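Q: I'll drop the sequence and a predicted model, then ask my questions.
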Amino acid sequence: MHDVLIDAHSLAALPATDVLIVDCRFALADAGKGERDFLQAHVPGAVYASLDRDLSDLSRTGMGRHPLPAVESFALTLSGWGWRQGQRMVAYDDAGGALAAARLWWMLAGVGIAASVLDGGWQAWVQAGLPVEHGAAAPRRATPVALRFDPKRVVYYEELESLRGQPSTLLLDARAAPRFRGDSEPLDRVAGHVPGARNRPFSANLAGDGRFKPADTLRAEFAALLEAHAPGDVVHMCGSGVTACHNLLAMEAAGLLGSRLFAPSWSGWCSDPARAVATGD
């Protein structure tokens, strides 16, 4: 089993044929910025993944701002990247893994593909003085890819309503505290959070240098949140099911396995005025 985090020098040492590197840089305020940044410079041999185009299906309505794509569509994406069965994948971005390397890592884990996130992301690669590549990714020959997604890894509305009524469930929201409390809401229709949720901002997973905190630190912090809950009792959410994957990744790095994702997250939940909304801490 590969570690879910990899440092820049370890990634650079991997034989190019053994790994497929994916640049997941994305800016919510400018959907094209990540791809422009990729063209300017990227890790050698990387392909680019757009959160909107490759890691979401924006045609699905009522499922939040970044609905998960169908597994068949994801298979076509991997095929276009030239991924081969058994090949390891490494994702990186320039937001500590939150936009959107952790999302790709979670999607890959859900179809049984070994994947890691570059700890510290693009900044760590550059700071290490490692080579960079410019321009578009080299054309890839499409490969045969067939995937099966584990549906137990994801939660949707009906199941969440049932789980919320069970004391064993712990719903963790990865958004920043002001958005969780409902002090402000720059993106979605309504401010606040799902009643009963607790706040664990994804930024709390990172140290001051943009890398993940040590595994034992993450384990202690999440253990304090979980209290008597087992990791499998935890359901993660955020604004649109993207930064929540950062908390999933942090728990995995800490050896706390089995938590799940409420994929529509707050943007999906609040799209229905009939659903309850809570504010404050």
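A: Yep, that arrived.
Q: Report the contact partners of Met107.
A: Met107 makes contact with Leu55, Leu68, Phe74, according to CB atoms under 8 Å, 6 or more residues apart in numbering. All C-beta spots, glycine's among them, are computed from the backbone N, C-alpha and C.
Q: Wait, a helix at it?
A: Yes: assessed with DSSP: H, G, I helix; E, B strand; the rest coil, Met107 lies in a helix.
Q: what's next to the host helix or strand of Leu11, contact-wise?
A: Assigned by DSSP states H and E, Leu11 falls within helix 8-13. By CB under 8 Å, 6+ apart, the list of residues contacting helix 8-13 from outside reads Val19, Ile21, Val43, Val90, Leu118, Asp119, Gly120, Ala124, Trp125, Gln127, Ala128, Leu130.
Q: thinking again about what came up before, next, format the contacts of Met107 as TSV and append distance to Leu206 and neighbour count.
A: Formatted as TSV, the contacts of Met107 follow (distance: CB to CB, whole Å; neighbours: other CB atoms under 10 Å):
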residue	distance to Leu206	neighbour count
Leu55	21	24
Leu68	25	23
Phe74	27	22
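Q: just these now: which is nearest Ala100?
A: Distances from those to Ala100 were compared by CB to CB; the smallest belongs to Leu55, at 5.8 Å.
Q: Verify the stated contact: the closest one with Pro69.
A: Yes: if you go by CB atoms under 8 Å, Leu55 and Pro69 touch, sitting 7.2 Å apart.
Q: thinking again about what came up before, report all helices and strands that the following helix or strand past the helix holding Leu11 contacts.
A: Beyond helix 8-13 in the direction of the C-terminus, DSSP H and E gives the next helix or strand as strand 19-23. Using 3 or more CB pairs under 8 Å, 6 or more residues apart in numbering; DSSP states H and E as the contact criterion, the elements in contact with strand 19-23 are strand 47-48, strand 88-92.
Q: Pull the distance from the first one to the chain's centre.
A: What it means is strand 47-48. Its chain's C-alpha centre lies 16 Å from the corresponding centre of strand 47-48 when counted by CA atoms, centre = their mean, to the nearest Å.
Q: can you check stretch 262-276 too?
A: Centroid displacement of stretch 262-276 relative to its chain, using CA atoms, centre = their mean, is 19 Å.
Q: buried stuff in it?
A: Residues Phe262, Ala263, Pro264, Ser265, Trp266, Ser267, Gly268, Trp269, Cys270, Ser271 are the ones in stretch 262-276 that count as buried (16 or more other CB atoms under 10 Å).
Q: Tell me which helix or strand the spatially most central residue of the chain sits in.
A: Nearest to the mean C-alpha position of the chain, counting by CA atoms, centre = their mean, stands Arg103 at 2.3 Å. Take DSSP H and E as the rule and Arg103 turns out to sit in helix 101-110.
Q: May I have the helix or strand following that helix exported as PDB, CA atoms only?
A: Taking DSSP H and E as the definition, the helix or strand that follows helix 101-110 towards the C-terminus is strand 115-118. Extracted C-alpha coordinates of strand 115-118, given in PDB (Å, rounded to 0.1, in the frame of the first residue of the first chain):
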ATOM      1  CA  ALA A 115      -2.800   7.300  -5.400                       C
ATOM      2  CA  SER A 116      -1.000   9.900  -3.400                       C
ATOM      3  CA  VAL A 117      -1.000  13.700  -3.000                       C
ATOM      4  CA  LEU A 118       2.200  15.700  -3.300                       C
END
